[in-house]
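**Q** The sequence isn't on hand, but the structure is:
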């Protein structure tokens, strides 16, 4: 089976790339290890399809690949989707139907209607040799002028991205940076939060790395048997899962000043409240008692603990629970068009590269925009 382009991986970036190549004069193979395409894409944004963010910019990304001339603006990735979109208060863009599967269906429809595209499902690629000769686990052999690795990273292996595809790139001399889970739940010491499982609060959470306060994220924090989760934790994890000596500083009631809080506590004292009830009505009762147990005995110490509740980070739930992989193929090893510097005609898109973004649609935007960059290069620089 001979092709002009073989796209390995039918996740977000592989589907998007193939849809862009559909209808061209190129013969394209889309090869996917899973029995259906777009499994992870259909689950994105809690199944609601957070596909980009109006605030997309290079400072929303980590890694060694220069994303500046690739990402474009948020509208640049919407053109393939024939649907309406809505934007929430944090700039996240969703289909108005709030179904991520509708994005998968839209891309699949383009591909299914393209006479120049063949789709191979349940076909795991185990070897790519120069030429390019592509071999699958079930002994299929493909020949292609160009190959695109859109295989994803190591996160959420239930969707088919178990990290094995990195080996396909290392055969051509590429090195893989250290891999870490990102946008993931965090394990912490639990001594002070044993009674808080299931409690959700709105807070400012600051990462303290090597005793220095770094970045702060505001949002939900949910206490669990292993530590903490919630959107503030997911966002913060992007900054710290590759760091050592990390703690979280949780500031409850972020819009209430320390002085106002202290005044409330002192008033309760004047009314004869027990020490254990000093935060009654101010915070969830169980949370209030946990903070008081952790703090000193004075009103000032209690108020300070509300604004500075510390948890030591001891790890995360790992790749199986992470939304994205931090690390991948080094930026120095690919061109501005995301083509391998070691093997002409070999390209990379999406999560396999050393790029990861913040929570809020930025990683899916990267999947689409990197696919768009590669499609343009394959189509001889045609503007897409």
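**A** Done, it's in. What you are looking at is a predicted structure, and each value in this text was computed from that prediction instead of being measured.

**Q** Would you map the strands across the stretch 101-250 of the chain?
**A** Remark: strands assigned in the stretch 101-250 of the chain by DSSP state E, counting those that start in this stretch are 117-120, 125-129, 133-136, 141-149, 180-182, 186-188, 200-209, 212-223, 227-229, 246-252.

**Q** Just say which of those strands is most tucked in.
**A** Per-stretch averages of neighbours, counted by mean count of other C-beta atoms under 10 Å, single out strand 180-182 among the strands of the stretch 101-250 of the chain, with a mean of 26. C-betas here are computed from N, CA, C, even on glycine.

**Q** list the helices and strands that strand packs on?
**A** Judged by 3 or more C-beta pairs under 8 Å, 6 or more residues apart in numbering; DSSP states H and E, strand 180-182 is in contact with helix 231-240, strand 324-326.

**Q** what do you get if the cut-off is 6 Å, keeping everything else the same?
**A** Under the contact definition 3 or more C-beta pairs under 6 Å, 6 or more residues apart in numbering; DSSP states H and E, strand 180-182 sits against strand 324-326.

**Q** Pull up the pairing partners for the strand it packs on, direction included.
**A** Sheet pairing of strand 324-326 (DSSP bridges) gives strand 180-182 (antiparallel).

**Q** could you dump the strands of the stretch 101-250 of the chain to CSV with distance to residue 72?
**A** Converted to CSV, the strands of the stretch 101-250 of the chain look like this (distance: least, C-beta to C-beta, whole Å):
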stretch, distance to residue 72
strand 117-120, 24
strand 125-129, 29
strand 133-136, 30
strand 141-149, 19
strand 180-182, 23
strand 186-188, 32
strand 200-209, 29
strand 212-223, 25
strand 227-229, 32
strand 246-252, 33
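
**Q** could those strands go into a markdown table alongside distance to residue 16 and mean pLDDT?
**A** Shown next, in a markdown table, are the strands of the stretch 101-250 of the chain (distance: least, C-beta to C-beta, whole Å; pLDDT from 0 to 100):
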| stretch | distance to residue 16 | mean pLDDT |
| --- | --- | --- |
| strand 117-120 | 13 | 98 |
| strand 125-129 | 19 | 96 |
| strand 133-136 | 21 | 97 |
| strand 141-149 | 11 | 98 |
| strand 180-182 | 21 | 94 |
| strand 186-188 | 31 | 97 |
| strand 200-209 | 32 | 97 |
| strand 212-223 | 29 | 95 |
| strand 227-229 | 29 | 97 |
| strand 246-252 | 35 | 97 |
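
**Q** count of neighbours near residue 267?
**A** Neighbour count of residue 267, defined by other C-beta atoms under 10 Å: 12.

**Q** Revised request: answer the last question for residue 358.
**A** Around residue 358 there are 25 residues (other C-beta under 10 Å).

**Q** Please apply the same query to residue 78.
**A** Look at residue 78: counted by other C-beta under 10 Å, it has 16 neighbours.

**Q** And residue 47, by the same measure?
**A** Neighbour tally, residue 47, other C-beta under 10 Å: 12.

**Q** Could you tell me how far the nearest residue to it once chain neighbours are set aside is located from residue 44?
**A** Setting aside the residues directly before and after it, residue 47 is nearest to residue 100 in space (C-beta to C-beta, 6 or more residues apart in numbering), at 5.4 Å. Computed with C-beta to C-beta, to the nearest Å, the distance linking residue 100 and residue 44 is 5 Å.

**Q** so how far is residue 291 from residue 285?
**A** From residue 285 across to residue 291, the span is 11 Å (C-beta to C-beta).

**Q** more neighbours, those two?
**A** residue 291 (21 against 14).

**Q** which other helices and strands contact the helix or strand containing that one?
**A** Using DSSP states H and E, residue 291 sits within helix 285-294. With contacts taken as 3+ C-beta pairs under 6 Å, 6+ apart, helix 285-294 sits against helix 299-307.

**Q** picking up where we left off before, tell me the angle of the helix holding residue 291 relative to strand 200-209?
**A** 30 degrees (axes from the mean of the first three to the mean of the last three C-alpha atoms, to 10 degrees).

**Q** what's the average pLDDT for helix 285-294?
**A** Across helix 285-294, pLDDT averages out at 94.

**Q** got the contact list for stretch 88-107?
**A** Around stretch 88-107, the neighbours that count as contacts under C-beta atoms under 6 Å, 6 or more residues apart in numbering are 15, 19, 38, 41-42, 44-45, 47-55, 81, 83-87, 360-361.

**Q** same thing with stretch 14-32?
**A** 3-8, 10, 37-38, 80, 107, 110-111, 114, 116-121, 123, 142, 150, 349, 368, 371, 374-375, 384.

**Q** buried set for it?
**A** 14-22, 24, 26-32 (16 or more other C-beta atoms under 10 Å).

**Q** What distance do you get for the residue lying closest to residue 114 once chain neighbours are set aside to residue 104?
**A** Distances taken as C-beta to C-beta, 6+ apart place residue 22 nearest to residue 114, at 3.4 Å, with adjacent residues excluded. Here residue 22 is placed at a distance of 15 Å from residue 104 (C-beta to C-beta).

**Q** ditto for residue 245
**A** The gap separating residue 245 from residue 104 is 41 Å, by C-beta to C-beta.

**Q** Counting neighbours, go ahead and name the busier of the two.
**A** Taking other C-beta under 10 Å, residue 245 and residue 104 do not tie; residue 104 has more neighbours (24 against 12).

**Q** Number of residues surrounding the closest residue to the more buried one other than its chain neighbours?
**A** Distances taken as C-beta to C-beta, 6+ apart put residue 38 closest to residue 104, at 3.5 Å, once the chain neighbours are dropped. Residue 38 has 24 neighbouring residues, counting by other C-beta under 10 Å.

**Q** about what we covered before: buried set for the helix holding residue 291?
**A** Neighbour counts over helix 285-294 (16+ other C-beta under 10 Å) mark 287, 288, 289, 290, 291, 292 as buried.

**Q** now stretch 103-119
**A** By neighbour count with 16+ other C-beta under 10 Å, stretch 103-119 contains the buried residues 103, 104, 106, 107, 108, 110, 111, 114, 116, 117, 118, 119.
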